[in-house]
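Participant: can you look at this prediction? I've put the sequence above it.
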Amino acid sequence: MTEWYIADCIDPVEDPDDTPQIHFESEEQLREILNQFRQRRPGLVILKSPHKEFLKIHIGGPFAGLRWMKEPFSRHYKEAVANPICSPTGVKFTEEGDTNFLEPEALLPVAQVIEAIIFFYKTQRLPEWITWMQWNDAAKRMETVPAHSLPPVTDVVESRQLTPPVA
């Protein structure tokens, strides 16, 4: 049986098969795991579905980044875009021991990203309340797919709390 799991990619490994994996069987377990990751230093984890889809999750602290992909990656890649931008600066995330810098445009409130991950786990669809960038093969460029609904109410409240005050 194929399972859902999270690969913890913060530290380098000699063999990709040595990447620590956390298996889970419920929404509650997934939420608990994600809440633990949000408490540690910023790093990369990858949610792997039984359908060979991946969510690359840059998490740790008040902001997180989210990317969806499946093979072939050139046609099946989306990156969440902040709308509006809520992080005043970019964040350095550790990815297999190296630093990966995410710009403010790629950072969403961590609670919103966690809800998006839970939604994906429950429905195997990406949430429509997030703005996505995706590759347009015909135009040979990235294009924006605007959000079509509002985020869950709890995320809206947290987003406002994380937005820096306007001077």
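Facilitator: Noted; the coordinates are in hand.
Participant: helix/strand/coil for the most centrally placed residue in the chain?
Facilitator: By CA atoms, centre = their mean, the chain has its centre lying nearest to residue 66, at 2.3 Å. On the three-state scheme (DSSP: H, G, I helix; E, B strand; the rest coil), residue 66 is labelled strand.
Participant: setting aside sequence neighbours, what's the nearest residue to it?
Facilitator: Using CB to CB, 6 or more residues apart in numbering and skipping residues adjacent in sequence, the residue nearest residue 66 is residue 80, 4.1 Å away. C-betas here are computed from N, CA, C, even on glycine.
Participant: got it, and residue 126?
Facilitator: Leaving aside its sequence neighbours, residue 126 sits nearest to residue 68 (CB to CB, 6+ apart; 5.7 Å).
Participant: just checking, the one you found touches residue 49?
Facilitator: No. Counting by CB atoms under 8 Å, residue 68 does not reach residue 49; the two are 10.1 Å apart.
Participant: ranges for the strands of the protein?
Facilitator: For the chain, the strands defined by DSSP state E occupy 5-8, 21-23, 43-48, 53-59, 63-70, 77-81, 91-95, 98-102, 108-109, 131-136, 141-145.
Participant: who does residue 91 bridge with?
Facilitator: residue 102 (DSSP bridges).
Participant: for residue 104, what are its contacts?
Facilitator: Contact analysis of residue 104 by CB atoms under 8 Å, 6 or more residues apart in numbering lists 82, 85, 86, 87, 88, 89, 90.
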